[in-house]
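Chemist: My questions concern the predicted model and sequence given below.
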Amino acid sequence: MQMTTQLETETEQVPDETIQRIGILGGTFNPPHFGHLMIGEQVADQLGLDKVMFMPNAIPPHVDHKEAIDPVDRVQMVQAAIQGNSQFDIELSEITRGGKSYSYDTLVELKAMHPNTQYYFIIGGDEVAYLPKWYRIDDLLKLVQFVGVNRGGSPVESDYPVEWVRIPNMEISSTDVRDRVERHRSVRYMIPDLVAAYIFEKGLYLND
């Protein structure tokens, strides 16, 4: 009895210093589709991540401006898309902060809140080529490990320390989904059913 009490006391004294390995998959998610979900699943599986956070941006800082629907709708669609996967969650830092969503500002904020977390920033192979243009990229590299996933014909190489994960090719884009919805064409098996239900309930992406 005395031994059990001693072991319990020793267990209680062990500090919780576990390092969490968290993937960040950022984007406009306008709307989220099965390609996004597969990327999250494959990266989590191949790198042994504890969780993948889907992070909708407020205003994407792209040179080629992308018009996005209201952030509230995009957040609701992401939440609908990730239902049923305990390894998936949503990160609302950029939505809450508002304005242009610079990854450096976001990671500074996240690291301050979660100092024992190692972040893996997941981007498509086509985005890797633009890393030199990212805001404060050298400082960002000190905060996060970039993970590149193969996409189309994009080269699997970079001068930056990018960890590459190969995934099955899935040619689905949010642009194509929006176009199909506008033209009243089927998007089944391109987006989760709950996302489709939300789009049609709210009448999103229809210009008529």
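Modeler: Yep, that arrived.
Chemist: Which residue lies nearest the spatial centre of this structure?
Modeler: Residue closest to the mean C-alpha point of the chain, counted by Cα atoms, centre = their mean, is residue 25 at 1.6 Å.
Chemist: and it, what are its bridge partners?
Modeler: Residues in a beta bridge with residue 25, per DSSP bridges, are residue 54, residue 122.
Chemist: ok, it - contacts?
Modeler: Shown here is residue 25, whose contacts under the criterion Cβ atoms under 8 Å, 6 or more residues apart in numbering are 36, 39, 40, 43, 52, 53, 54, 55, 122. No exception for glycine: its C-beta is placed from N, CA and C like everyone else's.
Chemist: One more pass at 7 Å, please.
Modeler: When contacts are counted by Cβ atoms under 7 Å, 6 or more residues apart in numbering, residue 25 is found next to 36, 39, 40, 52, 54, 55, 122.
Chemist: Equivalent analysis for residue 140, please.
Modeler: For residue 140, the contact set (Cβ under 7 Å, 6+ apart) comprises 103, 104, 107, 134.
Chemist: Backbone dihedrals for it, please?
Modeler: Dihedral pair for residue 140: phi -60, psi -40, per degrees, to the nearest 10.
Chemist: Against residue 106, how distant is it?
Modeler: 9 Å (Cβ to Cβ, to the nearest Å).
Chemist: again, but for residue 172
Modeler: Relative to residue 106, and taking Cβ to Cβ, residue 172 is found at 26 Å.
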